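A.B. asks: mind folding the following:
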Amino acid sequence: MIHRSSSVFVVGAVLLGAVSLGGCATKKFVRQEAAMVGTRVDTVNTRVDSTDTHVAAVEGTAKDALDRATAAGKLAEGKFLYSEVLSDDSMKFQTAKADLSPEAQARLDAFVEKLKTDNRNVYVEVQGHTDTTGAKDFNYRLGEERAEAVRRYLNQHGVALNRIGTISYGPDAPVAPNTDRAGRQANRRVVLIVLT
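C.D. replies: Below is the predicted model of the structure:
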C-alpha cells in the first residue's frame with residue numbers, strides 16, 4: 001500500500017510538473033502575441049496620427065478656399081461694369097516677381113484717370129494670376145503680392161482702399177496653356193474688375 005501511494009505521489013508530481021511547464025509555455029506564447037499586438041497598435045497609432053495631420057491640412061486648405069469664395073461672392077453682388085486685363089505685355093511681371101514696371105505704372109495711371117472720369121461710386125477687384133512655375137502655395141502668395149502691388153499703387157494715386165479688394169487665383173485660372181513661354185507669360189497677369 002505504501003508503494004502504491006508513493007507511485008500515486010510520483011505520478012501526481014509528474015503531472016503537476018507537466019501542467020506547470022505547459023503554463024510557462026503558455027505565458028511565453030501570450031507574451032509574444034501581446035508584443036506582436038502592441039507593435040500593430042503602434043503602427044495603427046502612427047497611421048492615425050499621419051491621417052489626422054493630413055485632415056488638418058486639408059481642412060486649412062478648404063477654409064482658405066471658402067474664404068476666397070466668400071470674398072468673391074461679396075464682390076459678385078455688385079453690378080459688373082467693365083474689366084481691364086493687365087498682362088505680361090503691359091505689366092511685365094517677371095517669373096516669381098511682383099514689381100510694377102514703368103509700363104505697368106503708366107497703364108495704372110490711365111486706369112485711375114478713367115475711374116475719376118467715370119466719377120461713379122465703384123468697387124475694384126484686383127485679381128492676381130500666375131503661371132504654373134513653382135509650388136501652388138508659392139503661386140497663391142505671388143498672385144496676392146501682385147494684386148497687392150496694384151492695390152497699393154491705385155491707393156497712392158487716389159483710389160480709396162475701401163473701394164479695392166484683392167484676390168489671388170494663383171495658377172488656377174490660366175488663359176493659355178503653361179506648356180510654352182508665351183503661354184506662361186500670358187498667365188502672369190493682373191485683372192481689374194470694376195463693379196458698381
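A.B. asks: the closest residue to residue 161 other than its chain neighbours is in what secondary structure piece?
C.D. replies: Nearest non-adjacent residue to residue 161, counting by C-beta to C-beta, 6 or more residues apart in numbering: residue 155, 5.1 Å away. For the C-beta atoms, the positions are set from N, CA and C on the backbone; glycine is no exception. Following DSSP states H and E, one finds residue 155 within helix 136-156.
A.B. asks: what are the buried residues along that helix?
C.D. replies: By neighbour count with 16 or more other C-beta atoms under 10 Å, helix 136-156 contains the buried residues 139-151, 153-154.
A.B. asks: what's the closest of those residues to residue 192?
C.D. replies: When these are compared for distance to residue 192 (C-beta to C-beta), residue 150 comes out closest, at 7.3 Å.
A.B. asks: so what's that closest one up against?
C.D. replies: 86, 100, 108, 126, 128, 166, 190, 192 (C-beta atoms under 8 Å, 6 or more residues apart in numbering).
A.B. asks: the fifth one against residue 143, yeah?
C.D. replies: Yes - contact between residue 128 and residue 143 holds when scored by C-beta atoms under 8 Å: they sit 3.4 Å apart.
A.B. asks: just the closest of the contacts of residue 150 to residue 42, please.
C.D. replies: residue 128 (45.8 Å).
A.B. asks: A strand includes the closest one, no?
C.D. replies: Yes - Residue 128: assigned to a strand according to DSSP: H, G, I helix; E, B strand; the rest coil.
A.B. asks: mind listing what residue 138 touches?
C.D. replies: Residue 138 neighbours (C-beta under 8 Å, 6+ apart): residue 96.
A.B. asks: how close does it sit to residue 172?
C.D. replies: Distance of residue 138 to residue 172, given as C-beta to C-beta, to the nearest Å: 13 Å.
A.B. asks: which residues of this structure score low on pLDDT?
C.D. replies: 1-25, 62, 65, 68-78, 80-81, 86-95, 119 (pLDDT under 70).
A.B. asks: the residue nearest the centre of it: which element?
C.D. replies: By C-alpha atoms, centre = their mean, the mean C-alpha position of the chain lies nearest to residue 61, the distance being 4.0 Å. Assigned by DSSP H and E, residue 61 belongs to helix 2-76.
A.B. asks: okay, and the common contacts of residue 128 and residue 143?
C.D. replies: 168-170.
A.B. asks: among the contacts of residue 150, name the ones in strands.
C.D. replies: Mapping those onto strands (DSSP state E) picks out 86, 126, 128, 166, 190, 192.
A.B. asks: ok, what's across the strand from residue 84?
C.D. replies: Beta-bridge partners recorded for residue 84 (DSSP bridges): residue 192.
A.B. asks: let me know how buried it is, in neighbour terms.
C.D. replies: A count of neighbours around residue 84, defined by other C-beta atoms under 10 Å, yields 16.
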